[in-house]
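Asks: coordinates for the following, if possible.
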Amino acid sequence: MSDPFVFDNTSPRFGLPLLFAGQSQKETFVNEAHALADALLHCAIEGTQSDPPATPADGNNWTVGATDSGAWQGQEGTIACRQSGNWLFVSPISGMQIFDRSTGQIALFDDTWRAPAAPAAPTGGTAVDTEARTAIGELISALKTSGVFPDT
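Replies: Here you go, the predicted model:
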């Protein structure tokens, strides 16, 4: 029989609180872990803001821009998650994805949030190949629809 695992107080990737034997008020730690999992599982954000919205709804998330005051002070670059009338802040990790509802686009975190820009549609030239231009235009449109490129 192998030795039992010994865990830290939090999970290694997102800092979810873990329980330990004899711990009092376990429900507080379990509820916090569930709230963080709820916010991060298939994470979607409303957009990026520097200050908290005036009337945030529970379950909504934002990426925090440059801040200098208020409830988000010192949280630049984190994901602000509204849960049970409180703010939970999560530092993104490399490889994390979010869906940005404000742009309709998926972003990937690798030291910063990255989302590809849409290429320009083909124009000009001396010999116009209508079929090729149409095909390229349809590819760009499909990539915008799927959230790869912004729909601008």
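
Asks: let me see the ranges of the helices in the protein.
Replies: Assigned by DSSP state H, the helices in the chain fall at 26-40, 130-145.

Asks: so the chain: which segments form each domain?
Replies: Here the domain parsing of the chain from automatic domain parsing is 42-113, 116-145.

Asks: nearest to H34, of these?
Replies: domain 42-113 (9.2 Å; C-beta to C-beta). All C-beta spots, glycine's among them, are computed from the backbone N, C-alpha and C.

Asks: returning to what we had before: looking at the helices of the chain, spot the one closest to T48.
Replies: Taking these one by one with C-beta to C-beta, helix 26-40 is closest: 16.0 Å.

Asks: how about the closest one: buried residues?
Replies: F29, E32, A33, A35, L36, A39, L40 (16 or more other C-beta atoms under 10 Å).

Asks: specify the beta-bridge partners of the residue lying closest to H42 once chain neighbours are set aside.
Replies: The shortest distance from H42 to any non-neighbouring residue, by C-beta to C-beta, 6 or more residues apart in numbering, is to F99 (7.6 Å). F99 has the following beta-bridge partners by DSSP bridges: A44, I106.
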